[in-house]
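K.L.:
Requesting a structural model of the entry that follows:
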Amino acid sequence: MLNQKVLDEISSKINDLMAQSPVKDVEKNLRVLLAGVFARLDLVGREEFDIQQEVLKRTREQLTALEERLTALETAGEKGK
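P.N.:
As a prediction, the model looks like this:
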């Protein structure tokens, strides 16, 4: 079995070769391309999404409460006729 030093040397040489190869350039260019695409999209961060989700939850709760109140008022109005 190979010792750890030999494995580390092989790994280091492979990393050096990958850094010098066209693959590294392709990866770099792809990252730049994707960053540009994402910058043009109308995306929100996770924090903003969570905030808006909480706002929506509270709005739904208020809407449900108002619907129940309206139903109660309509029922009371029909009984008063």
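K.L.:
Domain ranges for this structure, per the record?
P.N.:
Here the domain parsing of the chain from automatic domain parsing is 1-43, 44-81.
K.L.:
Format these as JSON lines; extra columns: mean neighbour count and mean pLDDT.
P.N.:
Where C-beta positions appear, they are placed from N, C-alpha and C, glycine not excepted. Compiled in JSON lines, these are given as follows (neighbours: other C-beta atoms under 10 Å; pLDDT from 0 to 100):
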{"stretch": "domain 1-43", "mean neighbour count": "9", "mean pLDDT": "77"}
{"stretch": "domain 44-81", "mean neighbour count": "9", "mean pLDDT": "93"}
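K.L.:
how about D42, secondary structure?
P.N.:
The assignment at D42 comes out as coil when based on DSSP: H, G, I helix; E, B strand; the rest coil.
K.L.:
which phi and psi does it have?
P.N.:
The phi and psi values for D42, taken as degrees, to the nearest 10, are phi -90, psi 80.
K.L.:
separation between it and E54?
P.N.:
Distance from D42 to E54, counting by C-beta to C-beta, to the nearest Å: 21 Å.
K.L.:
likewise G36?
P.N.:
According to C-beta to C-beta, G36 stands 31 Å off from E54.
K.L.:
Show me the helices in this protein, by range?
P.N.:
Chain-ordered helices for the chain, with DSSP state H as the definition, fall at 4-20, 22-40, 46-79.
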